[in-house]
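Participant: Can you look at this prediction? I've put the sequence above it.
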Amino acid sequence: MNFDIRDGETFVESQLTIVRNDDKLSGGVGDLVLDGEADALTLLSISLDDKVLVEGVDYTIDGDTLIIPSSLLPPKNNGDATTTSSILKTKVKIHPETNTQLSGLYKSGSMYCTQCEAMGFRRITYYPDRPDNMAIFDSVRIEADKKSYPVLLSNGNKLDSGDVVQGGDRHYAVWEDPFPKPSYLFCIVAGNLGSISSSYTTVPSGREVHLEVYSEHENVSKLGHALESLKKSMKWDEDTFGLEYDLDVYNIVAVNDFNMGAMENKGLNVFNTAYCLADPKSATDSDYERIESVIGHEYFHNWTGNRVTCRDWFQLTLKEGLTVYRDQEFSGDMMQSHAVKRIEDVSSLRGRQFAEDAGPMSHPVRPDSYISMDNFYTATVYSKGAEVVRMYRTLLGKEGFRRGMDLYFERHDGNAVTCDDFLSAMADANDVDLSQFSRWYQTNGTPTVKYSSQYDDDSKTFYLTLSQESNSENPLHIPISVGLLDKASGEEVVATKVLELKEKEQTFEFNGLEGDVLPSILRGFSAPVKLVRAEANASEEEDLAFLAARDTDGFNRWEAGQKLYTSLIFQTMEGKQEESKTFDYVEEAFGRALNMDGSDYSIQAYALTLPSESTLAEEMTVVDPVALHKARGDLRKSLARKYFSEIRAKYDELTKAMQSSGSGEDIKLDATSIGQRRLRNVLLGYLCCIKDTAEERDAASELAMKQFESSYGMTDRYSALNCLASMDGEESVVARRDTALQKFYDDANGDALVLNKWFMSQAVADLPDVLDRVKALVQHPDFTLTNPNRCSSLISAFTTNSAHFHAEDGEGYKFLGDMTAQVDKLNPQLSSRMGRGLIQWRKYSEARGALMKAELQKLADMKPISSDLFEVVSTGLKK
């Protein structure tokens with residue numbers, strides 16, 4: 001390929017070596033069908049074996065395909081063993097500067113870059129743009145202005161570079177990728193970029209790999225964490241799975257305008273700046289952790305996605321679910337706390353993926369149909385897909401899972417395969433039958449597992465009965481990790497054991513027990529299911545309190561507390577909280593969490609955090625966002641008042657400890673320091689939610705302002721800002737809020753990632769006029785609809801501000817509908833994500849649902865409408 005980059009237009013020449021498939025593979029039809037988006041490409045020339053082809057005679061263009069009839073193509077061979085090939089040459093013109101879809105080749109700021117997954121390569125040139133079409137890109141030449149674009153990058157290793165004309169103002173670079181890859185992994189970058197570099201020596205082969213991370217010059221100081229994360233990822237994959245890197249160069253480029261988080265292009269990863277740039281003044285602890293995780297994710301794709309890729313896009317979870325699982329395990333090891341990581345991942349799963357499972361866009365981890373593949377980069381494919389992979393690990397054990405992975409690579413390296421191939425490798429490597437487990441790949445929705453138990457004192461036997469309900473016609477194969485705790489002593493009498501639920505209902509026996517026990521079920525969240533009692537039980541909340549205090553499984557101890565919080569919030573919504581003992585149990589659990597011993601501050605922080613409104617909404621048949629927000633807020637305030645002295649003492653204790661261990665620019669990123677900040681900010685949130693009187697509002701805003709002004713690091717500063725952003729009332733309180741927001745904006749000094757936080761803080765504020773504020777921010781000179789990060793930080797963030805987005809007047813829905821319509825003209829991938837904020841209308845009251853549906857209908861009636869958005873809104877409107 002040859003890219004000739006000029007101002008306003010780029011010329012792309014490609015030379016394809018093509019060989020006809022066997023008749024048995026092609027069904028006897030030998031037409032060559034090439035993908036190419038008509039609105040992106042201008043075909044300038046095309047030839048086959050040096051014969052110039054004429055449209056209408058030698059080829060046809062039908063919409064977004066170019067077809068060359070089989071009669072022009074030679075047979076696979078001429079009666080002997082020699083394969084006959086042809087050379088197809090094309091030249092097209094494209095316009096990256098006006099490509100607001102950010103798919104294909106486009107310009108972001110002062111650099112050109114590509115995004116080809118899932119269907120971007122067809123916006124660059126004509127090509128069979130499918131993941132199973134793996135080819136060696138043996139020469140990619142990029143030519144551009146030397147002064148404006150001194151850095152020219154592509155996949156693989158660089159073969160050559162120099163001036164086009166000696167001493168001239170244009171230069172070139174030639175790259176070769178020796179590994180076969182599908183077109184979605186193709187990449188080029190051209191820009192005036194700064195970088196940092198290092199090297200890594202692989203084990204055991206000893207390959208010296210040059211590592212380099214690029215960004216715009218002003219951001220180079222923020223690249224260090226990404227580079228160190230890359231080294232950690234490379235070592236982890238060697239240590240954990242025996243997988244080494246296979247090229248001499250590994251490049252990463254940070255791009256401000258990007259639809260996704262990052263892209264695993266072979267040897268040339270492209271990253272959204274939000275997942276690559278970090279320093280203590282601009283990035284929170286969560287940003288640092290997320291960057292490490294995403295750097296790992298894209299690196300791990302080198303084997304699970306690049307060396308072995310998916311045969312078709314229906315198999316997307318084969319690479320994404322597996323790689324998410326791998327990055328989760330990597331992050332857990334780096335955090336030195338898999339319980340913390342598991343809590344974070346399951347909270348995200350329940351808040352996003354469970355909602356997807358319950359809505360009109362519900363689909364299996366392996367979808368069976370789509371209009372636009374871009375719509376299926378979903379929480380189901382990624383997060384639930386990772387849970388499916390985790391279940392293999394739970395069923396087979398650590399060693400068994402590793403045997404399966406080894407066999408998978410041995411069989412399929414260099415190939416495009418299916419989820420069934422992965423399952424077969426796992427089964428064959430361990431000599432087990434996993435045929436029933438395959439139903440997870442074709443079943444949508446979240447299964448429910450019900451349980452009941454009985455202890456027989458005479459036989460010293462405990463009976464645990466499990467049953468399952470799902471959208472599968474036949475039972476799923478569900479691993480349920482269970483431990484047993486003695487009711488009298490609280491001691492664990494049966495360590496974690498994996499029960500395999502393979503029938504509609506099964507009873508499991510535990511013998512030799514000297515007394516009644518309480519089961520700890522679904523430890524570590526061993527399957528992506530909802531766990532409920534088969535029948536209501538008067539002792540249920542007492543049992544939860546017991547588990548919250550004594551369970552040896554860190555995840556289930558947290559889970560028991562969350563269920564108690566959930567029960568009390570729903571009772572508060574119904575006005576029944578005074579009729580039960582639940583508040584006593586919640587107070588006991590909260591007080592115990594507040595006074596936890598040990599140094600795992602993150603676990604303590606999460607134990608004190610109430611379930612999110614999105615998680616709670618998934619437990620409701622009809623969601624009342626305003627009532628839910630009030631009930632959750634009322635419980636939070638009650639706990640804050642009850643334990644105010646203890647909360648304030650713990651907050652002050654942590655403040656003192658953090659000041660003595662290091663202050664100013666010395667921001668430590670070890671697990672203990674991150675945990676201390678996480679806990680302190682949870683406590684700040686409780687202290688600042690007490691604001692019913694003028695005196696309380698003054699005290700809360702003063703405390704938040706003090707933390708805001710004294711914090712160097714973004715974590716503490718942003719937490720304080722979020723508390724202040726929701727302050728209202730007296731002039732002094734409003735003055736603190738507005739001063740902090742202005743100070744935060746001024747200190748950003750144009751930093752895009754910090755400004756995103758500034759927009760988001762205001763979008764999620766709990767203020768009565770928040771929608772008016774968001775509308776005003778749309779007119780702010782720093783806001784733009786063309787940048788996905790900026791758009792999401794304001795508009796998408798506002799949709800998570802549930803009580804205000806779902807205001808009964810429907811103005812929130814109208815605002816989202818209007819913004820979605822505007823974005824669809826610029827970036828269909830982004831507009832389709834925004835449109836999902838309206839498709840759950842059946843979950844709300846008839847009045848709210850009608851208003852949401854009306855906005856969906858307006859979008860559906862738009863002309864023109866992108867296929868991405870049309871698929872979402874039409875699915876949302878289906879009966």
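Facilitator: Yep, that arrived. Note that the structure is a prediction, hence the values are computed from the model and not measured.
Participant: low-scoring pLDDT stretches of the chain, where are they?
Facilitator: Within the chain, the stretches with pLDDT under 70 are 22-29, 78-82, 662-665, 879.
Participant: what's the longest helix in it?
Facilitator: helix 385-412 (DSSP state H).
Participant: Which is the succeeding secondary structure element to it?
Facilitator: strand 416-417 (DSSP states H and E).
Participant: Give the burial count for residue 351, as a bare number.
Facilitator: By other Cβ atoms under 10 Å, the residues close to residue 351 number 19. Placement of C-beta: from N, CA and C, glycine included.
Participant: Can you tell me the closest non-neighbouring residue to it?
Facilitator: Leaving aside its chain neighbours, residue 351 sits nearest to residue 614 (4.1 Å; criterion: Cβ to Cβ, 6 or more residues apart in numbering).
Participant: what's the offset of the helix or strand encompassing that neighbour from the middle of its chain?
Facilitator: Using DSSP H and E, residue 614 sits within helix 613-617. In this view, helix 613-617 has its centroid 19 Å away from the chain centroid, taken as Cα atoms, centre = their mean, to the nearest Å.
Participant: Just the CA coordinates for that helix, please, in CSV.
Facilitator: Below are the C-alpha coordinates for helix 613-617, written out as CSV (Å, rounded to 0.1, in the frame of the first residue of the first chain):
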residue,chain,number,x,y,z
GLU,A,613,-28.9,3.8,41.6
SER,A,614,-28.3,1.9,38.3
THR,A,615,-27.7,-1.3,40.3
LEU,A,616,-30.8,-0.8,42.4
ALA,A,617,-32.9,0.0,39.4
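Participant: residues making contact with it?
Facilitator: Applying Cβ atoms under 8 Å, 6 or more residues apart in numbering, the contact partners of helix 613-617 are 347, 350-352, 354-355, 566, 569-570, 623, 625, 628-629, 632, 800, 802-803, 843.
Participant: hmm, 6 Å instead?
Facilitator: Residues from elsewhere that reach helix 613-617 (Cβ atoms under 6 Å, 6 or more residues apart in numbering): 350-351, 623, 628, 802.
Participant: same thing with stretch 445-461?
Facilitator: 354, 357, 362, 462-471, 509, 511-513, 516, 519, 521, 529-532, 534.
Participant: Ok, stretch 369-377 next?
Facilitator: With Cβ under 6 Å, 6+ apart, stretch 369-377 has contacts from 118, 313, 367, 829, 832, 867-868, 871.
Participant: what comes up buried for it?
Facilitator: 370, 372-377 (16 or more other Cβ atoms under 10 Å).
Participant: Same question for stretch 572-579.
Facilitator: 572-573, 577.
Participant: and what of stretch 847-855?
Facilitator: Buried residues in stretch 847-855 (16+ other Cβ under 10 Å): 848, 851-853, 855.
Participant: Now render those as TSV, adding distance to residue 61 and secondary structure.
Facilitator: Converted to TSV, the buried residues of stretch 847-855 look like this (distance: Cβ to Cβ, whole Å; DSSP: H, G, I helix; E, B strand; the rest coil):
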residue	distance to residue 61	secondary structure
848	47	helix
851	44	helix
852	40	helix
853	39	helix
855	37	helix
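Participant: Looking at those, which one is closest to residue 128?
Facilitator: Relative to residue 128, the closest of those is residue 855; by Cβ to Cβ it sits at 39.1 Å.
Participant: Quick check: the closest one touching residue 838?
Facilitator: Yes - the pair residue 855 and residue 838 passes the contact test of Cβ atoms under 6 Å, sitting 5.5 Å apart.
Participant: wait, doesn't residue 382 sit right on residue 324?
Facilitator: Yes - with contact defined as Cβ under 6 Å, residue 382 reaches residue 324; the gap is 5.2 Å.
Participant: So for those two, which sits in the more crowded spot?
Facilitator: With neighbours defined as other Cβ under 10 Å, residue 382 and residue 324 compare such that residue 324 has more, 25 against 21.
Participant: Could I get the contacting residues of that one?
Facilitator: With Cβ under 6 Å, 6+ apart, residue 324 has these contacts: 382, 386.
Participant: sec struct for it, please.
Facilitator: Per DSSP: H, G, I helix; E, B strand; the rest coil, the secondary structure class of residue 324 is helix.
Participant: now it: how far from residue 317?
Facilitator: 9 Å (Cβ to Cβ, to the nearest Å).
Participant: Which parts of the stretch 501-650 of the chain are helices?
Facilitator: Shown for the stretch 501-650 of the chain, the helices assigned by DSSP state H, counting those that start in this stretch span residues 540-550, 554-574, 582-594, 601-607, 613-617, 625-642, 644-661.
Participant: hang on, I meant the stretch 1-150 of the chain
Facilitator: Using DSSP H, counting those that start in this stretch, helices in the stretch 1-150 of the chain cover 23-26.
Participant: can you tell me which residues contact residue 384?
Facilitator: 353, 365, 528.
Participant: ugh, typo on my part, it should be residue 403
Facilitator: So residue 403 contacts residue 429 (Cβ under 6 Å, 6+ apart).
Participant: how close does it get to residue 303?
Facilitator: 16 Å.
Participant: re earlier: mark which of the contacts of stretch 445-461 are buried, thanks.
Facilitator: In the contacts of stretch 445-461, the ones that pass as buried (16+ other Cβ under 10 Å) are 354, 357, 362, 462, 464, 466-470, 513, 519, 521, 529-531.
Participant: Nearest to residue 710 among those residues?
Facilitator: residue 354 (39.2 Å).
Participant: residues touching that closest one, list them.
Facilitator: Applying Cβ under 6 Å, 6+ apart, the residues contacting residue 354 are 446, 618.
Participant: rerun at 8 Å
Facilitator: Applying Cβ under 8 Å, 6+ apart, the residues contacting residue 354 are 446, 530, 615, 618.
Participant: related to what we said a few turns ago, go through the helices of the stretch 501-650 of the chain and name the closest to residue 388.
Facilitator: Closest among the helices of the stretch 501-650 of the chain, once you apply Cβ to Cβ, is helix 554-574, at 18.3 Å.
Participant: how about the closest one: buried residues?
Facilitator: 554-573.
Participant: Now find how far off-centre it is within its chain.
Facilitator: Worked out by Cα atoms, centre = their mean, helix 554-574 lies 26 Å from the chain centre.
Participant: again, but for stretch 325-337
Facilitator: The answer for stretch 325-337 is 15 Å, by Cα atoms, centre = their mean.
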